[in-house]
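Visitor: sequence and predicted structure below; questions after.
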Amino acid sequence: MKQKETLLNTMGIDFSHSIDEIGDEHVGTSIDTPLREDAFEMDDDLKIELIEKHFREIMYVLGLDLTDDSLKGTPKRVAKMYVKEIFSGLNPKNKPDAKLFENKYKYNEMLVEKDITFFSNCEHHFVPIYGKAHVAYISNGNVIGLSKINRIVQYYSKRPQVQERLTMQIGNELKEALGTEDVAVVLDAHHMCVSTRGVQDVNSSTVTSFYSGKFERDENARAEFMKYISL
Ligand SMILES: Nc1nc2c(ncn2[C@@H]2O[C@H](COP(=O)(O)OP(=O)(O)OP(=O)(O)O)[C@@H](O)[C@H]2O)c(=O)[nH]1
Ligand SMILES: [Zn+2]
């Protein structure tokens, strides 16, 4: 068997940006995605270049012929998809701008945005999680553009996730963006790590919830929310 260095040379891979050199500092609280302090020192172009190289190595090790027409562009495609699409929510520069409006209509009931489709990825296996998010809030003087609620859900989904953390990140962000404690979030999702491998259960789904303010204190508020989302 060829030595590792020879194999890497064969693939033209430069590991001068080895992950060992990047450091292993982990900052933040448990609700935060575990990111290193230097997470955004590299720009997107360099990230794409490095992921492409590493993914090429994975494919090579799997024995795939990287000169094949259909496969040769795959490492680059995967790298771009990771950085610009499915993991773009790791970077705070992609956080949606949640502009608020004054609640001039004095609408004081709950607002429910339901059946928000989201796609995320399980941080244990890097395979998709997909499902619906249902969100409610009661205005504390401000209202938010409806699409911004969907965008907040999508932003936090575009990270390697566990569903519990995703639920809490969405809930906390809405509380902060809206300046109200009265927020509820329910996610109902399928994990492809459960359906397509491992236990291979294609029917189960996972429901998680976040209740704050009135939704935490008042059973009637929770019941009303449940009625609207009919779970
Ligand atoms: N709590 C939680 N667990 C998750 C989530 N996504 C995946 N998991 C679970 O994480 C666990 C990882 O368990 P391990 O035993 O380390 O991994 P594994 O050997 O691949 O486990 P199996 O899936 O049972 O084959 C599995 O039970 C997954 O179903 C999530 O969002 N939340
Ligand atoms: Zn998983």
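Guide: Nice, thanks for sending it over. Ligands and ions are numbered 1, 2, ... in the order given.

Visitor: which bits of this structure sit near ligand 1?
Guide: Neighbours of ligand 1 within the chain, by C-beta under 6 Å from any ligand atom: 122, 124, 162-164, 191, 193-194, 198-199. All C-beta spots, glycine's among them, are computed from the backbone N, C-alpha and C.

Visitor: so which of these are in strands?
Guide: 122, 191 (DSSP state E).

Visitor: excluding its backbone neighbours, what's nearest the residue of the chain at minimum distance from ligand 2?
Guide: Nearest residue of the chain to ligand 2 (C-beta to the ion) works out as Cys193 at 2.7 Å. Sequence neighbours aside, His125 is the residue nearest to Cys193 in space, at 4.1 Å (criterion: C-beta to C-beta, 6 or more residues apart in numbering).

Visitor: roughly how far apart are the one you found and Leu50?
Guide: 22 Å (C-beta to C-beta, to the nearest Å).

Visitor: between these two, who's got more neighbours?
Guide: With neighbours defined as other C-beta atoms under 10 Å, His125 and Leu50 compare such that Leu50 has more, 20 against 16.

Visitor: helices or strands up against the helix or strand in which the more buried one is found?
Guide: Assessed by DSSP states H and E, Leu50 sits inside helix 44-61. Applying 3 or more C-beta pairs under 8 Å, 6 or more residues apart in numbering; DSSP states H and E, we find helix 44-61 packed against helix 74-80.

Visitor: just to revisit the earlier point, residues contacting the residue of the chain closest to ligand 2?
Guide: 122, 124-125, 127 (C-beta atoms under 8 Å, 6 or more residues apart in numbering).

Visitor: by neighbour count, which of the residues you listed wins?
Guide: Neighbour-wise, the contacts of Cys193 (other C-beta under 10 Å) top out at Cys122, 18 neighbours.

Visitor: just for this structure, where's the confidence low?
Guide: Applying pLDDT under 70 to the chain picks out residues 1-29, 231.

Visitor: thanks a lot, see you next time.
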